[in-house]
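*Asks:* With the sequence up front, the predicted model follows.
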Amino acid sequence: MLSITAPRYLWTAAEVTAINGAFVFPPGACYDRASGTPPSCYCVYCGGSLHENIWEWSRAMIKGLGHVGIICDDFMKMRDFYTRVIGLTITDEDPERGSCFLSADPEHEHHELNLGQSRGPDHPDGARPKTQGLGQMSFIVPGMEDLRALYGRFQAEGTRILRTVTHGISVSIYYLDPEDNVGEVYYKTGYNIRQGFSRPIDFEKQSDEEILAFSKSFEATVGPFQGAKLPVGQAH
């Protein structure tokens, strides 16, 4: 493994190979337990032919995702779901305006989710239509026992569970919130398994240990992270 002590602007193919098998992963939530992960920057392809394998050491300008906002038709129902069922903490809210700020870690992050009441075109502050087409909103849980507890809570609340799966790197429950936005709660396993990968699991028939062992087994059969398959910056 190549020891990196200071940023450099260009890496040869041989050096990149020495770092992590011919590519470097940008550090992130899915890679935080992978061995040999480089520091907080990216290696991106910066030109030349694919055979030249010239890479540029480039610092990421985006630090992370701050929060997700959802405009709701039934603000109070959504507020109840994300506090009582999901377990987020309200850090701020303005009931008259119809806004609520929620966090899973209030000591370190003021809000990760912002709920707002939808408004019609005749409202004095102008129209604010309901959110449409939110692809997915995902929450991390600290352990498998927490994920299983949420599975039971969803069932008790009549929350629609779309699927329960392992992605190898995580174990996930996908659900619909009261306004049919897709959500995910997941536990990060720390296993090194190529994405996108998904296999069904069953909380009714499998123990936490069995689910984790099943997830880890794919390190041998599916293989590790693959990195980019096309040059970064290629739009077509």
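*Replies:* All right, it came through fine. Numbers count the residues shown, from 1 in each chain.

*Asks:* and the helix ranked longest in the chain, what does it pack onto?
*Replies:* Using DSSP state H to define each element, the chain has its longest helix at helix 144-157. Secondary-structure packing of helix 144-157 (3 or more C-beta pairs under 8 Å, 6 or more residues apart in numbering; DSSP states H and E): strand 161-166, strand 170-176, strand 182-188, helix 208-216. Placement of C-beta: from N, CA and C, glycine included.

*Asks:* okay, those in TSV with mean neighbour count and mean pLDDT next?
*Replies:* Shown next, in TSV, are the helices and strands packed on helix 144-157 (neighbours: other C-beta atoms under 10 Å; pLDDT from 0 to 100):
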stretch	mean neighbour count	mean pLDDT
strand 161-166	17	96
strand 170-176	21	94
strand 182-188	19	93
helix 208-216	16	98
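
*Asks:* can you tell me which of those comes nearest to His110?
*Replies:* Smallest distance to His110 across those (C-beta to C-beta): 20.6 Å, for strand 182-188.

*Asks:* now that closest one against helix 144-157, angle please.
*Replies:* 150 degrees (axes from the mean of the first three to the mean of the last three C-alpha atoms, to 10 degrees).

*Asks:* Output stretch 99-113 as CSV - backbone C-alpha positions only.
*Replies:* Provided in CSV are the C-alpha atoms of stretch 99-113 (Å, rounded to 0.1, in the frame of the first residue of the first chain):
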residue,chain,number,x,y,z
SER,A,99,-42.4,24.7,8.9
CYS,A,100,-40.6,22.2,11.1
PHE,A,101,-36.9,21.3,11.4
LEU,A,102,-35.9,17.9,12.5
SER,A,103,-32.6,16.1,13.4
ALA,A,104,-31.4,12.7,14.4
ASP,A,105,-28.4,14.3,16.1
PRO,A,106,-29.4,17.7,17.4
GLU,A,107,-26.2,18.3,19.3
HIS,A,108,-24.2,18.2,16.0
GLU,A,109,-26.7,19.0,13.2
HIS,A,110,-29.5,21.5,13.6
HIS,A,111,-31.7,19.8,11.0
GLU,A,112,-31.5,17.0,8.5
LEU,A,113,-35.1,17.1,7.5
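
*Asks:* Any chance you could list what contacts it?
*Replies:* Applying C-beta atoms under 8 Å, 6 or more residues apart in numbering, the external contacts of stretch 99-113 come out as 66-70, 75, 79, 82-83, 87-94, 114-117, 137, 139-140.

*Asks:* Quick one: mean pLDDT for stretch 194-201?
*Replies:* For stretch 194-201, mean pLDDT rounds to 89.

*Asks:* repeat for stretch 97-104
*Replies:* On average, stretch 97-104 scores 89.

*Asks:* mind listing what's buried in that stretch?
*Replies:* 98-104 (16 or more other C-beta atoms under 10 Å).

*Asks:* what bits of this structure have low per-residue confidence?
*Replies:* Low-confidence segments of the chain, defined by pLDDT under 70: 1-64, 228-236.

*Asks:* per-domain residue ranges of it.
*Replies:* Domain assignment for the chain by automatic domain parsing gives 10-58, 65-132, 134-225.

*Asks:* and Gly183, what does it touch?
*Replies:* So Gly183 contacts 86, 136-139, 174-177 (C-beta under 8 Å, 6+ apart).

*Asks:* where along the chain do the helices fall?
*Replies:* So, for the chain - with DSSP H - the helices run 13-20, 75-80, 144-157, 208-216, 218-221.

*Asks:* The second one packs against which elements?
*Replies:* Contact partners of helix 75-80 among helices and strands, from 3+ C-beta pairs under 8 Å, 6+ apart: strand 113-117.
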